[in-house]
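1. Quick one, what's the 3D model for this:
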Amino acid sequence: MSKAKQLRERLAKQGLTHVMAAHSPLSAVLAEEAGFDGLWASGFELSALYGLPDMSLVSMTQHLDMLRAIAGRSSLPIVADIDTGYGNAINVVHTIAEYERAGAAAVVIEDKTFPKVTSLAAGGRQELLRVEEFQGKVEAAIGARTDPDFLVIARTEALIAGLGEEEALTRAKAYEDAGADMILIHSKKKDPAEIESFARAWKGNVPLTIVPNAYPELDAARIEALGNIRMVIYGNYGIRAATTAMQEVFRRIISDRGVQNVHKDIVPVEEVFRLQGMERVKADEKLYLR
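-> Residues are numbered from 1 along each chain as shown. You can find the predicted model right below:
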């Protein structure tokens with residue numbers, strides 16, 4: 001079974017599909033061990049890993065390299081964040097082919113202009129494409145996929161851009177008409193009312209995806225009560241957790257002038273060996289090194 005079909009079957013079941021952002025093979029392994037249903041190959045997290053703002057500065061090649069590395073270390077389906085598709089509809093044709101070959105089960109493409117600015121940045125430039133132009137991108141993505149189970153998820157930033165629910169619904173319906181398998185609706189409001197209102201008003205035939213970064217109180221029970229949201233993407237929690245841990249440990253080492261205190265509060269190196277698969281390496285050494 002392809003990873004795309006695996007993801008489709010999971011989405012068809014009752015309950016939510018929980019997808020955790022990953023920015024490295026290690027974070028992907030940890031997400032799989034924790035019990036997530038899929039991985040989000042996050043543009044934001046990869047940009048942060050490189051110490052760059054999420055403004056289309058990380059190239060498709062860099063993102064594909066990380067996606068391949070993640071796919072090689074995890075059995076979970078990967079939903080790839082391809083931002084605006086790296087250009088116009090013709091670029092999208094090439095992009096879809098590359099991401100399918102790299103191991104993605106789905107892509108999310110958004111209706112912003114290129115280069116984009118991250119959605120949650122205060123005062124960020126949020127410019128949207130014409131509806132017809134983005135429909136062409138969605139159609140190009142659908143036409144380019146070779147696996148019919150590969151999901152094309154259209155993301156509208158109408159709420160992010162302050163254009164209101166009616167415009168968001170209009171765009172979402174237009175993208176469904178263009179062939180999108182799901183709609184990702186996003187908001188930067190600090191409470192989930194905007195998202196809940198959109199979900200209640202959505203009468204389309206394809207399910208919704210959300211990324212509850214700005215409104216964390218929207219938990220699984222409240223999401224399931226809405227009825228038409230099938231996937232939740234935890235979009236930046238991996239890189240934020242890693243940053244939190246490293247900031248604390250690094251500052252303690254400087255403050256303590258050594259690692260004599262902090263070493264007992266972090267995982268032992270043996271746990272890192274386990275995650276690296278050292279036991280398998282040792283077993284292979286016994287078999288093959290003579």
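2. Listing request: residues of the chain with sub-threshold pLDDT.
-> In the predicted model, the chain carries pLDDT under 70 at residues 120-121, 123-124.
3. the domain parsing of it - what is it?
-> Structural domains of the chain, as assigned by automatic domain parsing, span the residue ranges 3-236, 243-288.
4. Can you say which of the ones you listed is packed in most?
-> domain 3-236 (a mean of 19; mean count of other Cβ atoms under 10 Å). C-beta: built from backbone N, CA, C; applies to glycine.
5. centre of the chain versus that domain, how much separation?
-> When C-alpha coordinates are averaged (Cα atoms, centre = their mean, to the nearest Å), domain 3-236 and its chain have centres 6 Å apart.
6. now for that domain, what's the gap between its first and last residues?
-> Taking Cα to Cα, to the nearest Å, domain 3-236 runs 23 Å from one end to the other.
7. same thing with stretch 248-264?
-> Counting by Cα to Cα, you get 14 Å between the two ends of stretch 248-264.
8. all helices for the stretch 51-200 of the chain, in order.
-> Taking DSSP state H, counting those that start in this stretch as the criterion, the stretch 51-200 of the chain contains helices spanning 60-71, 89-102, 131-144, 165-177, 193-201.
9. Check which helices and strands the third one sits against.
-> Helices and strands in packing contact with helix 131-144 are listed as helix 89-102, strand 106-110, strand 151-156, helix 165-177; criterion 3 or more Cβ pairs under 8 Å, 6 or more residues apart in numbering; DSSP states H and E.
10. what's the answer for the second one, then?
-> On a contact count with 3+ Cβ pairs under 8 Å, 6+ apart, helix 89-102 meets helix 60-71, strand 106-110, helix 131-144.
11. ok, now with 6 Å
-> Packed against helix 89-102 by the contact rule (3 or more Cβ pairs under 6 Å, 6 or more residues apart in numbering; DSSP states H and E) you find helix 60-71, helix 131-144.
12. and residue 211, which of those helices is closest to it?
-> The minimum distance between residue 211 and these falls on helix 60-71, with 17.5 Å, by Cβ to Cβ.
13. Kindly present the helices and strands packed on helix 131-144 as JSON lines, with separate columns for distance to residue 8.
-> Supplementary listing: the helices and strands packed on helix 131-144 in JSON lines, determined by distance: least, Cβ to Cβ, whole Å:
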{"stretch": "helix 89-102", "distance to residue 8": "15"}
{"stretch": "strand 106-110", "distance to residue 8": "9"}
{"stretch": "strand 151-156", "distance to residue 8": "7"}
{"stretch": "helix 165-177", "distance to residue 8": "17"}
